[in-house]
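**Q** Sequence first, predicted model second:
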Amino acid sequence: MRRSRALTTLALLTAATLVTGCASDGHRVRTSAKPTPSAPTQALITWMDKICAADADLQTQQSAARVAALSITARHPTPKQLAGFAAAVRDGLEKNLKKFRKAGRAGIPGGDRVTAAYITAVTGAVSKLKKAEKSAKDPSTPAFIRSYLPQQVSSYTQAAAPKGTDLPTLTAHSPTADQAYKKSPNCKGTPLTAKPSG
């Protein structure tokens, strides 16, 4: 009888321990419940909004450069026109670069890396466009190289997109960033991140 009573008491104590979430060694029992993501701060929503606006502008410039390159090639442009085309595209990207630089701090792990990835990509494109503009102006540039300049200008612009660290990656791994994305007016209805190509 005593043994039966002891076993019953032991079973009740074990059940009570599991219910309260404490193991016999004093540690909490792990549960599968996911922690509730913290609500995004207004600063994060503002940062996300600025990044989305700059990204949408970049995508617009990429599309415009692609169409303009086809149009100007068909017209057999002069060196001056080629240089003007490269300069106009470069000027647009330089303005876009300022937008990314003015986005400020993200205030969330990985956010500042996204900004830096955009800045690196657009800065690289601007540098290449300066060389294309110089090549168009140079009288010694062979005609066959000049003929490819519009496509080069377009390809440099298409490649101006973050690689490795981007908004899709950030929002996929951070529920808080995902909430900020959904609350940002400039992010609604726009694709996440300009895609590098060429």
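**A** Yep, that arrived.
**Q** All the helices of the protein, residue numbers only.
**A** Secondary structure of the chain (DSSP state H): helices at 2-20, 42-74, 79-101, 111-137, 143-158, 167-173, 175-183.
**Q** ok, of those helices, where does mean pLDDT dip lowest?
**A** Among the helices of the chain, helix 2-20 carries the lowest mean pLDDT, a mean of 41.
**Q** got the helices of the chain as TSV, with mean neighbour count columns?
**A** Bear in mind the C-beta positions are built from the backbone N, C-alpha and C, glycine included. What follows is the helices of the chain, written out as TSV (neighbours: other Cβ atoms under 10 Å):
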stretch	mean neighbour count
helix 2-20	10
helix 42-74	19
helix 79-101	18
helix 111-137	19
helix 143-158	18
helix 167-173	18
helix 175-183	19
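**Q** Grab the most central residue of this structure for me.
**A** residue 166 (2.8 Å; Cα atoms, centre = their mean).
**Q** That one against residue 114, yeah?
**A** Yes - Residue 166 lies in contact with residue 114 (Cβ atoms under 8 Å); the separation is 6.2 Å.
**Q** surely residue 72 meets residue 81?
**A** Yes - between residue 72 and residue 81 there is a contact under Cβ under 8 Å: 6.9 Å.
**Q** Let me know the distance separating the residue nearest to the centre of the chain from residue 177.
**A** For residue 166, the distance to residue 177 (Cβ to Cβ, to the nearest Å) stands at 12 Å.
**Q** and if you look at residue 104?
**A** Taking Cβ to Cβ, one finds residue 104 at 15 Å from residue 177.
**Q** now swap in residue 124 and tell me
**A** Look at residue 124 and residue 177: by Cβ to Cβ, they are 25 Å apart.
**Q** cool, residue 83 as well?
**A** In terms of Cβ to Cβ, residue 83 sits 41 Å off from residue 177.
**Q** can you check residue 115 too?
**A** For residue 115, the distance to residue 177 - Cβ to Cβ - is 13 Å.
**Q** Same check on residue 135?
**A** 41 Å.
**Q** do residue 59 as well
**A** Distance from residue 59 to residue 177, by Cβ to Cβ: 20 Å.
**Q** do the same with residue 50
**A** 14 Å.
**Q** How about residue 114?
**A** 9 Å.
**Q** who touches both of the two?
**A** residue 170 (Cβ atoms under 8 Å, 6 or more residues apart in numbering).
**Q** For residue 165, give me phi and psi.
**A** phi -120, psi 110 (degrees, to the nearest 10).
**Q** burial of residue 174, as a residue count?
**A** 19 (other Cβ atoms under 10 Å).
**Q** how about the nearest residue to it, chain neighbours excluded?
**A** Closest residue to residue 174 apart from its sequence neighbours, by Cβ to Cβ, 6 or more residues apart in numbering: residue 108 at 6.3 Å.
**Q** same deal with residue 185?
**A** For residue 185, the closest residue by Cβ to Cβ, 6+ apart turns out to be residue 49, at 6.2 Å.
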